[in-house]
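**Q** Return a 3D structure for these sequence lines:
(chains A and B)
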Protein chains: 2
Amino acid sequence: MSNPKTPDAVGPVLLLELSDSPGSTLTTRVSSAIRQAVVGGRLTEGARLPSSRSLAADLGVSRGVVVAAYALLADEGFLVSRSGSGTRVSEGFPVPSAPTSAIWSADVPGLVAIDLRPGPPDLGAFPRKAWMRALRNTLSAIPDTELGYVDPWGTDALRGALASYLARVRGAEVTAERVVVVNGVTQGLTLLVRVLRAAGHRHLAVESPSNAVQRGVLSSHGLSMIDVRVDDDGLDVEALARTPCRAVLVTPAHQFPTGTQLSAERRAALVRWAEAVDGVILEDDYDSEFRYERLPMACLQSLAPTRVALIGSVSKTLAPGLRLGWVVTPPALVDALRATKRDDDFGGSVIQQHALADFMTSGEYDGHLRTLRRRYRERRDALRAAAAKYLPEWPIMGVAAGLHLLIEPPTAVNEAVLVREAAARGLLIQGTASMYGTLPPRPGLVLSYARGPVSMLSEGTRRLAEAARPAPVGAPPLVGRGRRQRHASATAEDYF
Amino acid sequence: MSNPKTPDAVGPVLLLELSDSPGSTLTTRVSSAIRQAVVGGRLTEGARLPSSRSLAADLGVSRGVVVAAYALLADEGFLVSRSGSGTRVSEGFPVPSAPTSAIWSADVPGLVAIDLRPGPPDLGAFPRKAWMRALRNTLSAIPDTELGYVDPWGTDALRGALASYLARVRGAEVTAERVVVVNGVTQGLTLLVRVLRAAGHRHLAVESPSNAVQRGVLSSHGLSMIDVRVDDDGLDVEALARTPCRAVLVTPAHQFPTGTQLSAERRAALVRWAEAVDGVILEDDYDSEFRYERLPMACLQSLAPTRVALIGSVSKTLAPGLRLGWVVTPPALVDALRATKRDDDFGGSVIQQHALADFMTSGEYDGHLRTLRRRYRERRDALRAAAAKYLPEWPIMGVAAGLHLLIEPPTAVNEAVLVREAAARGLLIQGTASMYGTLPPRPGLVLSYARGPVSMLSEGTRRLAEAARPAPVGAPPLVGRGRRQRHASATAEDYF
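**A** Below is the predicted model:
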């Protein structure tokens, strides 16, 4: 349900797509769509919204629905209404254009700032010496021709090393010919989306909840995003089958943000769906290397190598700054993906590719992963223990793997207020309200334990519990009006 | 002048755009358009062409025109006609999908193969030790946060180093805020083309002759290419002003392939044109570091920093395999270019960016350029001397700068035959026939002296002179029918 006006003419005209999710009220659907437009960057800080009367007319709903949606969003801190100047997006709302900068100030006098938002891994763990060795091996060994124009889809050495690693560790069905090396998962996904668009796809199903900025980025490459809900077994494949999509982006190993693993039944159903619609599954394997008590499960790609594109990177295992990732491409898409990469940038750093190949084939990478797994497991244990101590009633999800967990405040808690109250105590956390796209959100907080240390995880949880306690009646507000607030969600985790 | 059929349905339907260049015959215009379709990859090896009758009807020309054009192209080796199966693109014609592979076999028994095609620089000159030092400095000095998600348009350190270098060496008007770091010139150009497309541009003027593959790549990003001729003063700005373009891609320092420098009058005229049409000039500064007797001229960007995007890379000065380039962006396009880079791939290798910044600020880069300039100058002198000795009647152009020169065979010489005869003698050269787009080509050979050594340049020129001598009547053809011929043009130089 979209009106024909273009999204360029923001100001008083606003293109909104309402979900037709059964069971949600019109007000919820309108507020979700606006929230999504803000988070996705279509509506920027300070942007003016249409009058409730005109938006109601555009959407074919009653004016009261829009008024209620605006009120809800104002309550959450997304919008502000001023008499005379109408309704606007809050100043200080984080737009995706600055995902790496500090979007919150957590400088509270006398307190050490603690950042539990998902984002980079422990950058102090980057194996500088071993990486230096790999670079030295590369520069002393590769022939001159490898410094020239090599295959833009990746050096033979790295594609071979990745094929062997992904077969061994992820159970992938892969040969070096099917690997395309990219500048990280962002480029893997944007190239794939453009290949799908050229092949006639118009829609991409995405998980709800999922990465909000990712949704915005991918839709800028020509596919429209359709939200499909995630439950305790992962993506709802029956709901997917009711959409017009023939392509879906999933995080089966460790759903972001819920931490759910896609169940075996759902895996099978998803593959059957792909066969039935002649579809493509994009498997974002973003942090599968880190699993703790859970048994390893092979990647989804191993079940249907002709249907699944497996996308991964070293951003969580080594460093995002390497900007090194890969796509294991279904045979039918290999040529198109290679050509798209070639005609976009003619490839990425060859020396760095050789260094990673050396790092992988020498066994250094395996050793590094073992070290990281131990370290992250300790931190996860610490965060879980702290949550059990300070927030005993709040359910925790997704502890078995990855670098973050999801904690659910009671539904009575206003997530946006909680995030703000935490910031006032020097604690940065990320809420999930913005991650549901057009579907109705439920309160949730993503807490990363990647950057530790253990003492900080515990202190952060303590502050969260404090932020969640209702302020005594009559107490002064914790956050003054003059303070520039940022009603968070985009972080660097949202790029990938 | 395009018909409404889509280029996807190649086979018997063919979308051709005829130039309306005054003075060229219809046959020339039709043959140029077909040549362009082959070189640009729209028509691949073995692809069947429409019948002369049906193409004539589509184009609204007489059948005789198409028959003559087909005959001309068959003579040049682009097409083959077989009774019964119609006219097809020659098997063995180099399609741009394999630009890095050897597209010719120059293995002639008893002869060392000599490759004078433009392409990579002297890769043996890559300063491995000094680069290793720069990497070591980086890994021992940068803070952990720099290994995370940094600004996707480039590290502060590198943007600062580039701004200072480009101001000092190229006279550019630049601050670090206006620099966007990219994966080489290919990405710089493709991002800019997409930014221009989003800003409402539909056409991009390109020089004729110019890089044929580049033209194909850029048109795949949404702008249609319009050819504007180059004469002894560089781009014909009056001809440009007659096109509907508001954007133009030029190589002012050293036109590719003619080696012409854009004259001072033309520079001024080009800037006036840009002001008049509210236009954008893309300045591809691909090998400006190498100039010999010529006085240095500041980049065009210095004349009109709000109109010119200055694009460069280290592909010719260090190694293409680094995949490191930059765009100095007009202020009005900075935000859009940054956002496009961010939403495409979230940036390139941070460690490598720091290494280049270190290499530049330490003075190593300047020293390296001085060494290279001496070396390339010697090689240029050797090639020029050999040409004067073996081909005294053939004009030479573009000797004052760069890594290649252009030599003009007499108009009576069939360029395609000459290229083939040279290959039969173990000499690989690149003709310019494919570089004129829709405008009528003139014979020319691009000879690179970048890879030396001096003795090889001399021997290569000797073989070229031999290839140009007409075979005695009745002598057996130098090239047997069974040999797989590749009627050249795409090389790695064509990616950028």
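**Q** now the helices: where do they sit in chain A?
**A** Using DSSP state H, the helices of chain A run over A:26-39, A:52-59, A:63-75, A:128-141, A:156-170, A:184-198, A:212-219, A:237-241, A:264-277, A:331-345, A:350-361, A:364-390, A:415-424, A:454-468.
**Q** Which among those helices is found nearest to B:Asn137?
**A** Nearest to B:Asn137, of all the helices of chain A, is helix A:128-141, at 10.9 Å by C-beta to C-beta. (Glycine included, C-beta is placed from N, CA and C.)
**Q** which strands and helices sit next to that closest one?
**A** If contacts are counted by 3 or more C-beta pairs under 8 Å, 6 or more residues apart in numbering or on different chains; DSSP states H and E, helix A:128-141 sits against helix A:350-361, helix A:364-390, helix B:128-141.
**Q** These into CSV, with extra columns for mean pLDDT?
**A** Formatted as CSV, the helices and strands packed on helix A:128-141 follow (pLDDT from 0 to 100):
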stretch, mean pLDDT
helix A:350-361, 97
helix A:364-390, 95
helix B:128-141, 97
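**Q** for these, which one ends up most surrounded?
**A** Of these, the one with the most neighbours on average (mean count of other C-beta atoms under 10 Å in any protein chain shown) is helix A:350-361, at a mean of 24.
**Q** Helix B:128-141 and that one, what's the angle between them?
**A** Relative orientation of helix A:350-361 versus helix B:128-141 (axes from the mean of the first three to the mean of the last three C-alpha atoms, to 10 degrees): 70 degrees.
**Q** Nearest to B:Gly259, out of the helices of chain A?
**A** Of all the helices of chain A, helix A:331-345 sits nearest to B:Gly259, with 26.5 Å by C-beta to C-beta.
**Q** which stretches of the stretch 201-350 of chain A form strands?
**A** Counting by DSSP state E, counting those that start in this stretch, the stretch 201-350 of chain A has strands at residues A:203-208, A:224-231, A:234-235, A:247-250, A:280-284, A:308-313, A:325-328.
**Q** between those strands, which gets nearest to B:Arg267?
**A** Using C-beta to C-beta, the strands of the stretch 201-350 of chain A put strand A:325-328 closest to B:Arg267, at 42.2 Å.
**Q** got the CA positions of that closest one in CSV?
**A** Only the C-alpha atoms of strand A:325-328 are listed here, as CSV (Å, rounded to 0.1, in the frame of the first residue of the first chain):
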residue,chain,number,x,y,z
GLY,A,325,34.3,-10.7,3.2
TRP,A,326,33.1,-13.3,0.8
VAL,A,327,30.1,-14.7,-1.0
VAL,A,328,29.7,-18.3,-1.9
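**Q** any residue of that strand up close to chain B?
**A** No. Against chain B, strand A:325-328 shows no contacts by C-beta under 8 Å from any C-beta of the partner chain, the least distance being 9.2 Å.
**Q** tell me, how many neighbours does the residue lying closest to A:Thr306 once chain neighbours are set aside end up with?
**A** Using C-beta to C-beta, 6 or more residues apart in numbering or on different chains and skipping residues adjacent in sequence, the residue nearest A:Thr306 is A:Pro330, 5.2 Å away. A:Pro330 has 20 neighbours, counted by other C-beta atoms under 10 Å in any protein chain shown.
**Q** Surely A:Tyr390 and A:Ala467 touch.
**A** No. Between A:Tyr390 and A:Ala467 no contact is recorded; they are 10.8 Å apart, counting by C-beta atoms under 8 Å.
**Q** so can I have CSV of the helices and strands packed on helix A:128-141 showing distance to B:Asp285?
**A** Formatted as CSV, the helices and strands packed on helix A:128-141 follow (distance: least, C-beta to C-beta, whole Å):
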stretch, distance to B:Asp285
helix A:350-361, 22
helix A:364-390, 39
helix B:128-141, 22
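**Q** what's the closest of those helices to B:Leu428?
**A** helix A:350-361 (23.1 Å).
**Q** Using PDB, write down the CA coordinates of the closest one.
**A** Taking Å, rounded to 0.1, in the frame of the first residue of the first chain, the C-alpha atoms of helix A:350-361 are listed here in PDB:
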ATOM      1  CA  VAL A 350      45.300  -8.000  -3.300                       C
ATOM      2  CA  ILE A 351      48.100  -7.900  -0.700                       C
ATOM      3  CA  GLN A 352      45.500  -8.100   2.100                       C
ATOM      4  CA  GLN A 353      43.800 -11.000   0.300                       C
ATOM      5  CA  HIS A 354      47.100 -12.900   0.200                       C
ATOM      6  CA  ALA A 355      47.700 -12.100   3.800                       C
ATOM      7  CA  LEU A 356      44.400 -13.600   4.800                       C
ATOM      8  CA  ALA A 357      45.000 -16.700   2.700                       C
ATOM      9  CA  ASP A 358      48.400 -17.100   4.400                       C
ATOM     10  CA  PHE A 359      46.800 -16.600   7.800                       C
ATOM     11  CA  MET A 360      44.200 -19.200   7.100                       C
ATOM     12  CA  THR A 361      46.400 -21.900   5.500                       C
END
